[in-house]
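Colleague: Model the structure of this input:
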Amino acid sequence: MVKRRVKPVESHTFSGMEAAVEAQAQAAAVYSGQELTAKLLEPLGSIDSKAARMEEDSPLFYGKVNATLF
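Modeller: Model (predicted):
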């Protein structure tokens, strides 16, 4: 795991609790990264129907049927 610098958090805490604020900020950054990674790894839907519609409606393919494209 790569340790990255986290933006310093400005807060008014009791003495001795500064480390807890920094640890919470780092934990929040790690959690946010995990959430974004999970979202990026979700499978996307199929684009076959939209691609077929684009081919059918395109003036380039007007009047032609090309079964090899899809």
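Colleague: how near is the spatially most central residue of the chain to residue 18?
Modeller: The chain has residue 40 as the residue nearest its centroid, 4.0 Å off, counting by CA atoms, centre = their mean. Distance, residue 40 to residue 18, using CB to CB, to the nearest Å: 33 Å. Where you see a C-beta, it was placed from the backbone N, CA and C, and this is true even at glycine.
Colleague: now residue 53
Modeller: Using CB to CB, residue 53 is found at 58 Å from residue 18.
Colleague: repeat for residue 45
Modeller: Distance of residue 45 to residue 18, computed by CB to CB: 47 Å.
Colleague: what's the answer for residue 31, then?
Modeller: On the measure of CB to CB, residue 31 and residue 18 end up 21 Å apart.
Colleague: before we move on, what about residue 58?
Modeller: Remark: distance between residue 58 and residue 18 (CB to CB) = 62 Å.
Colleague: got it, and residue 44?
Modeller: In terms of CB to CB, residue 44 sits 43 Å off from residue 18.
Colleague: just residue 55 next, same as before
Modeller: 61 Å.
Colleague: Those two: who's more crowded?
Modeller: More crowded of residue 55 and residue 18, by other CB atoms under 10 Å: residue 55, with 15 against 12.
Colleague: which SSE is that one in?
Modeller: Assigned by DSSP states H and E, residue 55 belongs to helix 48-57.
Colleague: quick one: buried residues of that helix?
Modeller: Residues of helix 48-57 include none that count as buried (16 or more other CB atoms under 10 Å).
Colleague: Residue ranges in the chain under the pLDDT threshold?
Modeller: 1-3, 6-11, 61-70 (pLDDT under 70).
Colleague: And the helices in it, which stretches?
Modeller: 18-40, 48-57 (DSSP state H).
Colleague: Lovely, talk soon.
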